[in-house]
Structures are given as C-alpha cells and as structure tokens.
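K.L.:
let's see this in three dimensions:
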Amino acid sequence: MLIRWQWIALVLSLILAGALAGLGWFESRPGWARYQREYIRLAADRPANEAATESRLEIRQIEIAALNRVDRCATCHLGATNPKMADAPLPFTTHPALLDSHPPEEYGCAICHGGEGRAVTTAEAHGEMPGQHGRLIPDALLPSACYACHGSDTLPPSDTAVVAEGIKLINEYKCLRCHQLDGVGGSIGPDLSAVASQRNWVEIYAHLLRPDALSPGSTMPDFGLRRGEATAIAAYLLTRLGPGERVTDVMYLVAEPALAGTPAPNEAVTSDIAPGDIVSENIAPGNIAPGDIASENIAPGDIASENIAPGNIAPTRRSYEAIAPGYDGRRLFEGLDCSVCHRVGLKGGEVGPDLTHIGRGREAAWLRDLLTDPARAFPDGQMPAYDLSEAQVKALVDYLVTLK
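P.N.:
Sure, this is the predicted structure:
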C-alpha cells in the first residue's frame, strides 16, 4: 500500500513539475515579444530605417505625470511614430499626423482610443476581457474623445459632427426632462453627468436601443432609435466623464490661445434656460445653443444620421494575421459584451436577436459580412461596428456557426 501511494505521489509531482515548466515557457514568450520581433523584421526591410537596429525586447512604458496615466500601448504599436512604417499593417503602421500636436510621450494613447493603457496583452489592452470597463473605442465614436478635451470651437465642425448630432437629438427627445446634467434637469432617471465613467460604450449604446431589456423594470421609453441616432447620442454621452477622468488642465490649453467665445477650463457660463432643455455651457465649451448644432458652422441637414452610422464608415483597421493572437470565439464573444444585447441559451440580453440557434439560419459568409460591416449586411439593423480584425471575425464566426 505504501509503495502504491509513493507512485501516486511521484506521478502527481511530475505533473506539477511539467505544469510549472510549461508556465515558465509560456511566460518567457509573451505575445508582445512576438510583435516586437516581427516589427524588427519588417523595419529591416525598409532602407535607412533606424528602427531596424533596435533589437531589445522589452515593455515600452510612457509615464504621463500631468495626466496621472501610465501607457504601454507602444509595446506593440512600435511604428506609430516611425514614418517609414506608413504602409505596414497594424499594429506596426504609422499613426496619422495627429501625433504632431498630440505626442505620445505627453498624452499616451488610451486618452483618445480608450482601452486599458497599463495592459500588456492584446485582449486586456483592447478591453476584450469579461468585466472590463475600459473598451477600445470604435472609429465611429472616436470624435467623442476629441470633443471631451477640445470642445467644438477649437476643431473643424466635421471633426465633432457626430457629437453635435447627439446634442441635437438629446434636445429633440427632451432627455433632460428625466435626466440631469451637472445639476440641471429632471430626477426621474439617473444623473448622466459622469455616465461615461460608469458605463462603457457598449452598455450605453445598448441601453439607448432597448432600455427595458438592459435594465429590467426601466421606465425609460423605447424611442425606436436608428443605428445612426444611437451612435450620435452615445458619442455625446461618452464625453461625460467624472472628475477623476476628465482632462481639464492639459498642455495644449496653455500653449494654444483659445478661440473667441471659448470659455477657459472650468469657467462657469450662466444663462437662463428652463429645466428640460440642454444647458449649453454644460455640453459645449463653444456654447452651442439649445436645440441647435453650432448653427453658424453646421446646418442641421449636414449631419444626417444615416451618414454617420458606424457601418457607413469604411473599416480601416488591418491586422498582421501571421502573428495575430489566437482568439477563442466564445471567450471573445463574452469579452466584447455581445451578451449585453444577444442571448445564447439562458444567458444574455434581449436588445438584439437571440443567437442560440444562429448557426442553423445563417451561413458563415453572411456572419462574416455582418461582423465586418453591419450596416451593409443588415441595413435595417441596429448593431454597431466594432472595428474587428480578421482574426477576431474568424474566431467569432467559427463560434457562432456552432450554435445550432
């Protein structure tokens, strides 16, 4: 009997040793290191590229004391500031010229793009893990990040058009009859002054489409919003950040003179506006009049909802599939909060269609088209664009076709 237990103990010890060895091997080959090796190879193919001589594999961290942020996105997005990588695929490609006025060493990346700047894995950095609040912001909603810092008067109207459309719609639907913004409005519904610090964009978007489905017992009516309308309102609500996340003292406010009519940060602007209307000083530093969309610059007809729908913005993200992380479709489905809107079995929401048996009614090609460009595949639908990579689309399709 003693010998038998000794053998059992020996086998268990070997299993444990093997598991620890495997864990050590896995930790010694992190995903970011694969990206860095591939970047070095791609950079070496370009003439006179100084990046090709950089062969040290390490986590690249930017500490932004002025904003109390730490950002490690450059660990994988190595070519963001390298003009010779303009034709390279993500995550190695050069960032647009916006970095000339927003250098990463002063602002980082997550302040505009969302996600979790401290993370060093793709899933965590992009907010694809279940329970994460910080989600990578899709292209259609990126103007909300611009507006949150700059307001409307310091940018071309087209740069914040989707946010301006959201302000107009909040006026049209009289949202402040029930909700408050900075102490003004009704008290029936939740205060929206810092809603972007409390909910991610997926939750905000889904709640606008089917309030009672996301929050059972909600008294908020279903306004029957179209995809573009929900996108516009969500874009504005994403600018409503709490004091801990709001940027009110950044370098550009000191370096660049404010345009005429633009209040200084935290400057109070008083006006006599009845409850139920949007208080313009609480929304637009440029003092957008209630019910208007910066009318001196933008005609209401110039920002048609159908023109700003997420699906109508051509996908521009490319991924390097040779070293793209391997995705588990089911975990990705959960991590992207797809269950906020869709039910699978007994779990999930009721905002969108039930996907329990989606594999019976839809072919893989159609599902791929839907995930790539929802507005084109399903024009009358309400699903937003997620800006998914090819690897993510494939993983999700492979999972969905098994639901039969």
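K.L.:
okay, Leu403 and Gln382: tell me how far apart.
P.N.:
The spacing between Leu403 and Gln382, counted by C-beta to C-beta, to the nearest Å, is 20 Å. Every residue, glycine included, has its C-beta placed from N, CA and C.
K.L.:
which element, helix or strand, includes the spatially closest residue to Ser215 that is not a sequence neighbour?
P.N.:
Using C-beta to C-beta, 6 or more residues apart in numbering and skipping the chain neighbours, the partner closest in space to Ser215 is His207 (6.7 Å). Element membership of His207, judged by DSSP states H and E, is helix 201-209.
K.L.:
check which element follows that helix along the chain.
P.N.:
Criterion used, DSSP H and E; the element after helix 201-209 is helix 211-214.
K.L.:
neighbour count winner among Leu403 and Gln382?
P.N.:
Between Leu403 and Gln382, counting by other C-beta atoms under 10 Å, Gln382 is the more crowded of the two (24 against 18).
K.L.:
count of residues packed around Gln198?
P.N.:
Neighbourhood size, Gln198 [other C-beta under 10 Å]: 16.
K.L.:
need the nearest residue in space to it, chain neighbours excluded.
P.N.:
Excluding the flanking residues, the one nearest Gln198 by C-beta to C-beta, 6+ apart is Gly242, at 7.7 Å.
K.L.:
would you mind confirming that that neighbour makes contact with Ala194?
P.N.:
Yes - under the criterion of C-beta atoms under 8 Å, Gly242 makes contact with Ala194 at 3.7 Å.
K.L.:
neighbour count for these two, which is higher?
P.N.:
Just comparing Gly242 and Ala194: by other C-beta under 10 Å the higher neighbour count belongs to Ala194, 17 against 12.
K.L.:
need the contact list for the residue nearest the centre of the chain.
P.N.:
In the chain, the centroid-proximal residue (C-alpha atoms, centre = their mean) is Ile137; its distance is 1.6 Å. Contacts for Ile137 were tallied using C-beta atoms under 8 Å, 6 or more residues apart in numbering; they are Cys112, His113, Gly114, Gly115, Ser144, Ala145, Trp201, Leu238.
K.L.:
of those residues, closest to Gly183?
P.N.:
Nearest to Gly183 among the contacts of Ile137, counting by C-beta to C-beta, is Leu238 at 20.4 Å.
K.L.:
what about that closest one, distance to Cys112?
P.N.:
Counting by C-beta to C-beta, the gap from Leu238 to Cys112 is 12 Å.
K.L.:
between those two, which contacts overlap?
P.N.:
Here Leu238 and Cys112 share the contacting residues Ile137, Ala145, scored by C-beta under 8 Å, 6+ apart.
K.L.:
more neighbours: which of the two?
P.N.:
Neighbour totals were compared for Leu238 and Cys112, and Leu238 leads with 26 against 16 (other C-beta under 10 Å).
K.L.:
thought that one was touching Ser144?
P.N.:
Yes - contact criterion C-beta under 8 Å: Leu238 and Ser144 qualify, at 3.9 Å.
K.L.:
quick check: next helix or strand after the least confident helix or strand in the chain by mean pLDDT?
P.N.:
Of all helical and strand segments in the chain, the minimum by mean pLDDT, DSSP states H and E falls on helix 280-283, at a mean of 37. For helix 280-283, the following helix or strand on the C-terminal side (DSSP H and E) is helix 329-335.
K.L.:
can you show me the CA trace of that following helix as PDB?
P.N.:
Presented in PDB, the C-alpha positions along helix 329-335 are these (Å, rounded to 0.1, in the frame of the first residue of the first chain):
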ATOM      1  CA  GLY A 329     -14.500  32.700 -30.200                       C
ATOM      2  CA  ARG A 330     -16.700  32.000 -27.200                       C
ATOM      3  CA  ARG A 331     -14.400  34.000 -24.800                       C
ATOM      4  CA  LEU A 332     -14.200  36.800 -27.300                       C
ATOM      5  CA  PHE A 333     -18.000  36.900 -27.600                       C
ATOM      6  CA  GLU A 334     -18.200  37.300 -23.800                       C
ATOM      7  CA  GLY A 335     -15.300  39.800 -23.700                       C
END
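K.L.:
on contacts alone, who are the packing partners of that helix?
P.N.:
Counting contacts by 3 or more C-beta pairs under 8 Å, 6 or more residues apart in numbering; DSSP states H and E, helix 329-335 is packed against helix 390-400.
K.L.:
centre of the chain to the helix it packs on, how far?
P.N.:
19 Å (C-alpha atoms, centre = their mean, to the nearest Å).
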